[in-house]
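> sequence and computational prediction follow.
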Amino acid sequence: MSTIKGSDLKLHKVLSSDYEFHIPEYQRPYAWEVEQAEELFEDLWTFMEQEDKTEEYFLGSIVLVKDDRTNRADVVDGQQRLTTLTILLSAIRDRLQGNSKWGAAFDKYIMEPGDITLDLEEKPRLCLRTRDSEFFNRYVQSPGGMADLANLDTSRYQDSQLNIIQNGSYYMERLSKLDEEQVGRFGQFIVRNCILVLVSTESFKSAYRIFSVMNDRGLDLEPSDILKANIISGIGERERSQYTERWEDAEIRLSRRGFNDLIAHIRMIFRKEKYRRSVLDEFNEYVLKAVPGSKTLMDEVILPYADAFEVIRNQSFVSTERAESINELFSWLHRVNNMDWVPVAMELVRRYESDTEDLEKHLTLLERLAASMFVRGVYVTPRVERYGRVLSELEAGNNLLEEGSSLNLTTQEQKYTLERLNGNVYEYPALLRMYIMLRMDSFLAATTVSYKHKTTTIEHVLPQNPSEGSQWLDEWSEEQREEWTNKLGNLVLLSRQKNSEASNYDFSLKKQKYFQTRSGVSLYACSTQVLNHQFWTEHEVEERQIDLLKVFSRNWKLKGLDLVTS
């Protein structure tokens, strides 16, 4: 039986000569994107600024396979945090290069400096998988490497290395807005006040069992369990069983996880800001103290918001008017890459459920705002702050349908949204480019579309890599292909897997054999557009690009580019 050891250590003890962390080859690639990297930064910075300077920040747990006779530690769980923390500390180190006070203070947390007396050679504290290790060492762990990282051409990288580039570039940009003393103090807080729990065992089998148990949430006591005990106990005995039943009914309808999401969303409606402490602490502080009495809390807060949340989750709004369009707006909101919009939607449903015209108008603006932030790549902190302002204006009784409200887009936001849509859309993250294509197709279809086809892929009309001797190379110069290949005007949707051979067909054959179904038409409006063309030259693509930008401009009411007119 393998011995299991656990200890909570401050980061300066974790990133020390006691541990040489290795990411095993069987691990998935480094997967955190800027969204997660930004959230870690903001959580650490906010905690440092707002809490008592002696308070410690818990970074979570890491599961290791480690023999006491060596400092080598294979990481079974915790790769994402260790890698991101190393990127952040490397950015702090490079930001402080040449500073007389901080100087090379953070080098030792990234690289083992070596010690001949202890037989320690100079090497990285963290070694990624073989395919990423050299890249990580050169551009992140080596002093000065972060500046080179930020200048790399992202189109040449993918998966883990692309995430490393984007997260490192974000940290360098974020730190450039702070003075050197602030950066040094931030780094000091991270290594001195942040704690990781290290759980280690000598065998992989035992370590994996620990990992599985730690991630099995089936028996965990959730915040809603604690709140239920506190709230229901505050109701008189005669009605307690009735309210218990109503609570449990809502929990069944939403699922256990969904009910905990509900608690978090209600906290946001009352708090209107990002978390500073746990969900439970902030619910107690901002909801329980604001609503007197357990019955009032149940009748006026928890149960009504549970009903609104269920409608939003299931897209099941019922009314004699506008129900279909309202539920379609919910379906598009669910396609963005976050759920931060949900508290606003819950509040709108509660306020306007009997006035479907107003509800539809508000949800139309909410969908536009959420979509624009997705397209523009707005990160979690400014996103939550924006929704917090919307909730504050709702509470204050402001007219959110008026220009200048937080629910509306500013002129600059409209312009930047169009600029992003006018860019090389196919090079955007997969989730975003598919969202843009599907939303565009729904606007072209001008009717409710389900998009529940088994397979949906994005195809280039002008191929990315035309075959030698093909029509494409005769009709398109290299400069034209570089300009237009990955833009909206050259992209269509297919209800089948891509076929590399068919992708390179000349235009007439490609239309006939690739873009059409057996019935002779396409399932997608954007593909039908292309079928109506006889030729596919730069002229057709440029015209289609302008037309599609006009489609977005009309439907999302966007202004700001000269080529887009209403």
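Yes, it's here.
> show me the strands in the stretch 401-550 of the chain, by range?
457-460, 491-494 (DSSP state E, counting those that start in this stretch).
> which residues touch Val492?
Applying CB atoms under 8 Å, 6 or more residues apart in numbering, one finds that Val492 lies in contact with Ile458, Glu459, Val461, Phe515, Ser522, Tyr524, Cys526, Ser527, Gln529, Val530. From N, CA and C alone the C-beta is placed, and that goes for glycine too.
> and if we set it to 10 Å?
For Val492, the contacting residues are 437, 441, 457-461, 514-515, 522, 524-531, by CB atoms under 10 Å, 6 or more residues apart in numbering.
> give me the buried subset of these.
Among the contacts of Val492, those classed as buried by 16 or more other CB atoms under 10 Å are 437, 441, 458-461, 514-515, 522, 524-530.
> in helices, which of those residues fall?
In helices, judged by DSSP state H, the following of these are found: Met437, Asp441, Ala525, Cys526, Ser527, Thr528, Gln529, Val530.
> got CSV for the residues you listed, with pLDDT too?
CSV is the format used below for those (pLDDT from 0 to 100):
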residue, pLDDT
Met437, 95
Asp441, 92
Ala525, 80
Cys526, 79
Ser527, 76
Thr528, 77
Gln529, 75
Val530, 79
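> can you tell me which two in those are farthest apart?
Spanning the widest gap among those are Met437 and Thr528, at 14.0 Å by CB to CB.
> relative to Ser17, which of the buried ones among the contacts of Val492 is nearest.
Out of the buried ones among the contacts of Val492, the one with the shortest distance to Ser17 is Ile458. That distance is 49.2 Å, counting by CB to CB.
> how about the strands in this structure?
If DSSP state E is used as the criterion, the strands of the chain fall at 5-10, 20-22, 57-66, 72-77, 111-112, 123-124, 126-127, 194-201, 457-460, 491-494.
> where does stretch 59-70 sit relative to the chain's centre, distance-wise?
A distance of 29 Å separates the C-alpha centroid of stretch 59-70 from that of its chain, computed with CA atoms, centre = their mean, to the nearest Å.
> quick one: buried residues of that stretch?
Buried residues in stretch 59-70, defined by neighbour count with 16+ other CB under 10 Å: Leu59, Ser61, Ile62, Val63, Leu64, Val65, Lys66.
> show me the contacts for the residue nearest to Glu367 when sequence neighbours are not counted.
Take Glu367 and drop its neighbours on the chain: the residue closest to it by CB to CB, 6 or more residues apart in numbering is Leu329, 5.0 Å away. With contact taken as CB under 10 Å, 6+ apart, Leu329 is in contact with 315, 317, 322, 345, 359-360, 362-368, 370.
> same check on Asn163?
The neighbours of Asn163, taking CB under 10 Å, 6+ apart as the test, are 29-34, 36-37, 80, 83-84, 87, 132, 157.
> turn these into a markdown table, including neighbour count and pLDDT.
Formatted as a markdown table, those follow (neighbours: other CB atoms under 10 Å; pLDDT from 0 to 100):
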| residue | neighbour count | pLDDT |
| --- | --- | --- |
| Pro29 | 17 | 82 |
| Tyr30 | 24 | 90 |
| Ala31 | 12 | 88 |
| Trp32 | 20 | 92 |
| Glu33 | 16 | 90 |
| Val34 | 18 | 90 |
| Gln36 | 17 | 90 |
| Ala37 | 25 | 92 |
| Gln80 | 18 | 92 |
| Thr83 | 26 | 96 |
| Thr84 | 21 | 96 |
| Ile87 | 31 | 97 |
| Asp132 | 19 | 91 |
| Tyr157 | 15 | 86 |
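> distance to Ala150 added to the residues you listed, as CSV?
Written out in CSV, the entries for the contacts of Asn163 read as follows (distance: CB to CB, whole Å):
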residue, distance to Ala150
Pro29, 21
Tyr30, 17
Ala31, 21
Trp32, 17
Glu33, 16
Val34, 13
Gln36, 19
Ala37, 14
Gln80, 21
Thr83, 17
Thr84, 16
Ile87, 12
Asp132, 18
Tyr157, 13
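> which single one of those is nearest to Arg386?
Checking the contacts of Asn163 against Arg386 with CB to CB, the nearest one is Val34 at 17.3 Å.
> what about that closest one, distance to Asp43?
Using CB to CB, to the nearest Å, one obtains 15 Å as the distance from Val34 to Asp43.
> the nearest residue to Asn424 once chain neighbours are set aside: what's it in contact with?
Using CB to CB, 6+ apart and skipping the chain neighbours, the partner closest in space to Asn424 is Asn486 (4.1 Å). With contacts defined as CB under 10 Å, 6+ apart, Asn486 is in contact with Ser155, Gly423, Asn424, Val425, Tyr426, Glu427, Tyr428, Arg433, His460, Leu462, Gln464.
> Gln50 now?
Listed by CB under 10 Å, 6+ apart, the contact partners of Gln50 are Arg276, Arg277.
> ok, so what distance separates it from Leu175?
If you measure Gln50 against Leu175 using CB to CB, the figure is 19 Å.
> could you do Ala323 as well?
Relative to Leu175, Ala323 is positioned 49 Å away (CB to CB).
> tell me which of the two has more neighbours.
Neighbours around Ala323 and Leu175, counted as other CB atoms under 10 Å, are more numerous at Leu175. The numbers are 21 against 15.
> residue ranges in the stretch 51-200 of the chain under the pLDDT threshold?
Per-residue confidence of the stretch 51-200 of the chain (counting by pLDDT under 70) places the weak regions at 51-53.
> quick one: buried residues of stretch 258-276?
By neighbour count on 16+ other CB under 10 Å, the buried set for stretch 258-276 is 258-274.
> stretch 9-27 too?
Buried residues in stretch 9-27, counted by 16+ other CB under 10 Å: Leu9, Lys10, Leu11, Val14, Leu15, Tyr19, Glu20, Phe21, His22, Ile23.
> ends of that stretch, how far apart?
From the first residue to the last, stretch 9-27 extends over 24 Å; the measure is CA to CA, to the nearest Å.
> follow-up on the earlier one: which of the strands of the stretch 401-550 of the chain sits closest to Glu482?
When the strands of the stretch 401-550 of the chain are ranked by distance to Glu482, counting by CB to CB, first place goes to strand 457-460 at 12.9 Å.
> so what are the sheet partners of the closest one and their directions?
Next to strand 457-460 in the sheet, as set by DSSP bridges, lie strand 491-494 (antiparallel).
> what's the spacing between the partner strand and its chain's center?
From the chain centre to the centre of strand 491-494 is a distance of 25 Å (CA atoms, centre = their mean).
> same check on stretch 287-300?
Stretch 287-300 has its average C-alpha position 33 Å from the chain's average C-alpha position, going by CA atoms, centre = their mean.
> coming back round to it: by neighbour count, which of the contacts of Asn486 wins?
The residue in the contacts of Asn486 with the most neighbours, by other CB under 10 Å, is Leu462 (24 neighbours).
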